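K.L.:
Fold the following and give me the result.
(one chain, ligands or ions: 1)
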Amino acid sequence: MKISKRARLIQPSLTRKLFNMAKEYDDVIDLTLGDPDLAPPKSVCDAAYSAMNSNKLHYSANAGLLETRAAIAERIKQVWGIDCNPAEDIITTVGGMEALYLAMLSMVDEGDEVIVFAPYYVNYIQMIELCGGKPVIINAYDSQNGIVIDENVLEEHITNKTVAIIINSPNNPTGDIICADMLKIIARTAQKYDLTIISDEVYRTLIYDNVKHESILQFEEAKNRTILIDSLSKEYSMTGWRIGYAYGPREIIANMVKLQENVAACATVSSQYALIEAYTNQIPNDYIRTEFQKRRDYLFGEIIKIDKLNPLMPKGTFYMFINISKTGMKSEEFAYKLLKKAHIAVVPGVAYGDMYDDYVRVAFTKEIDVLKIAIDRLKRFI
Ligand SMILES: Cc1ncc(COP(=O)(O)O)c(C=O)c1O
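P.N.:
Predicted structure coming up:
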């Protein structure tokens, strides 16, 4: 039986590997996946139930119901201050992931290069490769300074094959954010070399300590060349609802819509009704942010006291990057031993780029009572 080169190229991620291994232990504390444990707001769920009960669940337009796109346009106006045309500038997708994939499929040809800053969301790399493209990785993080984007380094990585730059802020896996000055550098460089920017902002509502979310869309240089990726997965704790969207240059959106017909036909329609409720009625998600901030503060306060572990305070997301270099172990050895001996599953930092083998990523997607047990086990393990 023949298996395609593309399929063989793709390996299951270390995140999924640890997640699957964790299932072998009854009492495991699984801190691998970025899947929040909280429930979505009730009225958002009710909007989906009501659509189901009134037989409204049929295929929608490939780009999504016009009503869904109108609600997204309203949200874009409110958050990014941009007026857009719901019929032409937006596509509704099966989560942020499908938006990312369709965006890349629309742009990347065999041999094209896409710039990715590390540590990165693992799926960027595999999606670029699935499209026949080549990820060009720039290491952009250190424990002292967090994410640092240097204009010269960025320019050095651009070739005549570069088509796009992907950015992700707040960032998975570090929880760090890209500051406005660095976003400006990226915007200016993209304009200089006529590159498209993919701005993955799915964690934009999970920022702590009243820090404001900065988007690259605030810069004129980026406005007509940025594909914004957003989703309800993290904002409303709706990962399994598979609903997200992309907003961007008309020509790219039109091509994403064309491809959508062949990939998923349309985003899940019950979830589109949930989105309409969430965005049109501006349903708050403060309870989600407040809970994650509490967990972050607890976890950081405890891990910093543990000998040999150096946690980095995340400014956003629900991930904590922990430097483990003083344990003398590299990240995979640490993660496998931690699972075997302490029944805690975390993701080895090397999953996010070769340079991050001295780190592990912890997702604080479990309640504090469970995190307390994890801390006790972690102390004993160390
Ligand atoms: C950085 C980043 N982008 C996009 C996604 C995709 O999320 P979804 O497809 O659930 O919207 C994730 C999920 O973990 C992520 O971490």
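K.L.:
Can you give me the separation between Ile76 and Gly248?
P.N.:
11 Å (CB to CB, to the nearest Å). To be clear about C-beta, it is placed using only N, CA and C from the backbone, and glycine gets the same treatment.
K.L.:
Would you mind telling me which of those two has more residues around it?
P.N.:
When neighbours are counted by other CB atoms under 10 Å, Gly248 comes out ahead of the other of Ile76 and Gly248, with 26 against 22.
K.L.:
Look up the closest residue to the more buried one, ignoring the ones flanking it.
P.N.:
Distances taken as CB to CB, 6 or more residues apart in numbering place Ile227 nearest to Gly248, at 3.6 Å, with adjacent residues excluded.
K.L.:
these two touch, right, that neighbour and Leu195?
P.N.:
No: if you go by CB atoms under 8 Å, Ile227 and Leu195 don't touch, sitting 11.6 Å apart.
K.L.:
sorry, back to before: sec struct for the residue nearest to Gly248, please.
P.N.:
Assigned with DSSP: H, G, I helix; E, B strand; the rest coil, Ile227 falls in the strand class.
K.L.:
Begin at 20 from now on, thanks
P.N.:
Sure, I'll start counting at 20 from here, so that last one is Ile246.
K.L.:
Look at Ile246 and Leu214 and report which has more neighbours.
P.N.:
Between Ile246 and Leu214, counting by other CB under 10 Å, Ile246 is the more crowded of the two (26 against 19).
K.L.:
got the contact list for that one?
P.N.:
Taking CB atoms under 8 Å, 6 or more residues apart in numbering as the criterion, Ile246 is in contact with 118, 122, 215-218, 265-268, 271.
K.L.:
Try it again at 7 Å.
P.N.:
By CB atoms under 7 Å, 6 or more residues apart in numbering, the contact set of Ile246 is 122, 215, 217, 265, 267, 271.
K.L.:
packing partners for the helix ranked longest in the chain?
P.N.:
The residue-count maximum for a helix in the chain (DSSP state H) belongs to helix 305-322. Helix 305-322 sits against strand 338-342, helix 387-400, with contacts defined as 3 or more CB pairs under 7 Å, 6 or more residues apart in numbering; DSSP states H and E.
K.L.:
before we move on, back to that, what's opposite the residue nearest to Gly267 in the beta bridge?
P.N.:
Here Ile246 sits in beta bridges with Ile217, going by DSSP bridges.
K.L.:
near the ligand, which residues of the chain?
P.N.:
With CB under 6 Å from any ligand atom as the criterion, the chain meets the ligand at residues 53, 114-116, 140, 187, 191, 219, 221, 250, 252, 258, 263.
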